[in-house]
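Asks: predicted coordinates and the sequence they were generated for:
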Amino acid sequence: MEYIDYYKILGVPRKATQEDIQRAFRRRARKYHPDVNKDKNAEAEFKKINEANEVLKDPEKRKLYDTYGKDWQNGAHNQDASHWEQMFNQGNRQPGGTRTFRFSRNGSFGETSGFSDFFHSLFGHDFAHQQTPWDDSDHSGRSHEAEITVTLREIITGASKSISLQSYELDAVGHARPTTRTFQVKIPEGVTEGSVIRLPGQGEKGSGRGKSGDLLLRIHIAPDSRFRVNGHDLYTSVAIAPWEAALGAKVEVQTVVGSVSLTIPKGSQNGRKLRIRGKGLQKKGGQTGDLIVELQIQIPASLSKEEERLFKELAVKSRFNPRQKTRQRASHTG
């Protein structure tokens, strides 16, 4: 029986933190997920990744693996269950505390029938949860993470979204089987790009009397050609004519759910930013972000004869010289 390097499977060093291990597990699980990767070896690789994570995510099992795992190359797998029970009794007792190993008299640990012989030789075959005075088998489940994409309109109107999440669970014979769960999610106020919606108890199931983990839905805002999101503020640009900039005007500006009239002050320059308060994304506590409008002065590409005559008349009569106050300087665009 071959020694299995769980660190190598996840692509992490032996000194990796628990956070490093979880990040690596999520990254590799996505890559080899049978629903995504159609390679014939993807399911087998996916099971290896699950096995490695099963060991390294748990500090106690990781410690056992680090300490005794390599001995199996030298025949230590011939040790019987009483050897491991003795090791647990002597090596892991905390004064006044409890053990987290779920060890039974037959040397078993949990539902891992799809894992390798190496795993079963080290940890047992079925994780049976026989209670002992020092056994603590009530473990909370881990939280799961997923991404949910929403539109700006859904955020502002507080819409509900129906989402379906598919995961793979190992059945009794060790095959990865798809499991689909559907949730109706109400988009709460105050969310923006990167916000997290927590669904309590919808993550990994706990063991014994342990609570189930949570499902964490990370918000991703769908791209909108009209707006750029920065926190709870929205940024947009609106084109205006030269005479609107010079004389001032009122123009219609789109918001996410309608439009408003924006006053262009007389003498506005290209690139000037005007703030429309309360037309951004809602914040927690009832406040709302703003809509920032950047003015872009557009020059007509072609002129009628009358327009050309008026521009020539303006050129003769106007005393405005844009180069008088602003000297020539290097451009900041490539």
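Replies: Noted; the coordinates are in hand. The model shown is predicted, which means the values in this text are computed figures rather than measured ones.
Asks: and the pLDDT at the residue lying closest to residue 59 once chain neighbours are set aside?
Replies: Spatial nearest neighbour of residue 59, chain neighbours left out: residue 18 (7.4 Å); criterion: Cβ to Cβ, 6 or more residues apart in numbering. (Each C-beta comes from the backbone N, C-alpha and C, glycine too.) What the model reports for residue 18 is a pLDDT of 89.
Asks: ok, now how distant is residue 18 from residue 33?
Replies: Separation of residue 18 from residue 33 (Cβ to Cβ, to the nearest Å) stands at 22 Å.
Asks: who has more neighbours out of those two?
Replies: Ranked by neighbour count (other Cβ atoms under 10 Å), residue 18 and residue 33 place residue 33 first, with 18 against 12.
Asks: for the residue most central in space within the chain, give me its contacts.
Replies: Computing the C-alpha centroid of the chain and ranking residues by Cα atoms, centre = their mean puts residue 218 first, at 4.9 Å. By Cβ atoms under 8 Å, 6 or more residues apart in numbering, the contact set of residue 218 is 145-148, 194-196.
Asks: these in strands, which ones?
Replies: 145-148, 196 (DSSP state E).
Asks: could you dump those into JSON lines and include pLDDT and neighbour count?
Replies: Listed next are the ones in strands among the contacts of residue 218 as JSON lines, based on pLDDT from 0 to 100; neighbours: other Cβ atoms under 10 Å:
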{"residue": "145", "pLDDT": "84", "neighbour count": "14"}
{"residue": "146", "pLDDT": "85", "neighbour count": "14"}
{"residue": "147", "pLDDT": "87", "neighbour count": "10"}
{"residue": "148", "pLDDT": "89", "neighbour count": "17"}
{"residue": "196", "pLDDT": "92", "neighbour count": "12"}
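Asks: which one of those residues is nearest to residue 329?
Replies: residue 147 (44.5 Å; Cβ to Cβ).
Asks: what bridges to that closest one?
Replies: Note on residue 147: beta-bridge partners by DSSP bridges are residue 218.
Asks: next, residue 318: phi, psi?
Replies: phi -70, psi 140 (degrees, to the nearest 10).
Asks: what does the pLDDT read for it?
Replies: As predicted, residue 318 sits at a pLDDT of 90.
Asks: can you give me the neighbour number for it?
Replies: 9.
Asks: kindly report the same for the one 3 residues further on.
Replies: Look at residue 321: counted by other Cβ under 10 Å, it has 8 neighbours.
Asks: turn the ones in strands among the contacts of residue 218 into CSV, columns for distance to residue 63.
Replies: Below are those laid out as CSV (distance: Cβ to Cβ, whole Å):
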residue, distance to residue 63
145, 26
146, 31
147, 33
148, 37
196, 31
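Asks: nearest residue to residue 157 other than its sequence neighbours?
Replies: residue 257 (6.9 Å).
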